[in-house]
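Asker: I would like to see how this sequence folds:
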Amino acid sequence: MILFCDVERPLRWRPVTAFNRWFGRVVMTASETQNVAGERIGALNRLFPHVYTIRLAFKALKRRSRAGYYTSSGHCSAPCSYSDLVTRRSAPDRLWNTAT
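Answerer: Numbering: from 1, shown residues only. Predicted structure coming up:
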């Protein structure tokens with residue numbers, strides 16, 4: 001058996017205590033789960049199915065076209081050229097490999 005207690009740990013600095021209380025009040029409330037029927041569900045848990053659907057769509061795009069995936073998902077940290085997408089080399093390879 002595991003016992004979870006909602007006890008605030010004493011902290012030394014007031015800003016840290018204020019952040020801890022804010023985090024508990026805002027973030028933890030937003031991530032509430034439904035353990036029994038009728039309990040409230042937090043905003044993050046209501047939003048998750050929609051976000052996960054988008055993730056699955058991007059995973060399917062990656063299976064079909066890696067170039068399309070990396071172009072559309074914003075994974076290029078620097079402007080990518082067509083040759084970068086076609087060769088599918090990572091940025092460190094492009095920067096440090098001068099043999100090609």
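
Asker: Please make it C-alpha for all contacts and neighbour counts, starting now.
Answerer: Noted.

Asker: buried residues in the helix or strand hosting Tyr52?
Answerer: Here Tyr52 sits within helix 43-64, counting by DSSP states H and E. By neighbour count on 16 or more other Cα atoms under 10 Å, the buried set for helix 43-64 is 44, 58, 61.

Asker: From Leu44, how far off is the second one?
Answerer: Applying Cα to Cα, to the nearest Å, one obtains 20 Å for the distance of Phe58 from Leu44.

Asker: Tell me which stretches of this structure form strands.
Answerer: Taking DSSP state E as the test, none of the chain falls into strands.

Asker: all helices of it, in order?
Answerer: With DSSP state H, the ranges of helices along the chain come out as 14-30, 43-64, 66-72, 82-87, 91-96.

Asker: Next, format the ones you listed as a markdown table and append mean pLDDT.
Answerer: Rendered in a markdown table, the data for the helices of the chain read as follows (pLDDT from 0 to 100):
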| stretch | mean pLDDT |
| --- | --- |
| helix 14-30 | 89 |
| helix 43-64 | 91 |
| helix 66-72 | 83 |
| helix 82-87 | 50 |
| helix 91-96 | 49 |
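
Asker: Make a markdown table out of the ones you listed and add distance to Ala37.
Answerer: Output for the helices of the chain, formatted as a markdown table (distance: least, Cα to Cα, whole Å):
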| stretch | distance to Ala37 |
| --- | --- |
| helix 14-30 | 17 |
| helix 43-64 | 15 |
| helix 66-72 | 39 |
| helix 82-87 | 49 |
| helix 91-96 | 50 |
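
Asker: Between these, which one is closest to Val36.
Answerer: In this view, the helices of the chain are compared for proximity to Val36 by Cα to Cα, and helix 43-64 is the closest at 14.7 Å.

Asker: Which other helices and strands does the closest one contact?
Answerer: Packing contacts for helix 43-64, counted by 3 or more Cα pairs under 8 Å, 6 or more residues apart in numbering; DSSP states H and E, involve helix 14-30, helix 66-72.

Asker: Tell me what angle that helix forms with helix 14-30.
Answerer: Orientation check (axes from the mean of the first three to the mean of the last three Cα atoms, to 10 degrees): helix 43-64 against helix 14-30 gives 70 degrees.
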